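Engineer: the sequence and its predicted three-dimensional model are supplied below.
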Amino acid sequence: MPGIVAEEYFRGIFYSYWDEERFLKVKLADARRDLSAFEILPVTYDIAVEAAEVEVAAAKSGVMISLADIIIASSAISHGSTLITRNVKHFQRVPKLNIRSY
């Protein structure tokens, strides 16, 4: 799992429980436990090159994609993996990316 995905997951918890400190601590502990089952993938040289290509190709065709989505997509492409997402619309604009919705 790209590190940015873990950040997005934790960000959702902070937004949801920011004003409820007791629940926030519990939810953060649960998230750490859940995410410990996954390897956190760093942004490697190959992923950086892929991301730059994806971003420029999209921009030159008039499509803007967030940097987070570019890194996520490029990580999947570089690892030869299928991206599993509920947000197919964000990723279907990335060529070479295999996507599966859940």
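Structural biologist: Received it, and whenever you're ready, just let me know what you need. Source: prediction; values computed, not measured.

Engineer: quick check: most distant residue from the centroid of this protein.
Structural biologist: Relative to the C-alpha centroid of the chain, counting by CA atoms, centre = their mean, residue 22 is the outermost residue, at 27.4 Å.

Engineer: centre of the chain to the helix or strand containing it, how far?
Structural biologist: With secondary structure defined by DSSP states H and E, residue 22 is part of helix 21-35. Its chain's C-alpha centre and that of helix 21-35 lie 20 Å apart, by CA atoms, centre = their mean, to the nearest Å.

Engineer: leaving out sequence neighbours, find the closest residue to residue 50.
Structural biologist: residue 74 (4.0 Å; CB to CB, 6 or more residues apart in numbering). C-betas here are computed from N, CA, C, even on glycine.

Engineer: whoops, residue 35 was the one
Structural biologist: residue 6 (5.6 Å).

Engineer: what's the spacing between the residue farthest from the centre of the chain and residue 65?
Structural biologist: Relative to residue 65, residue 22 is positioned 38 Å away (CB to CB, to the nearest Å).

Engineer: please apply the same query to residue 33.
Structural biologist: 32 Å.
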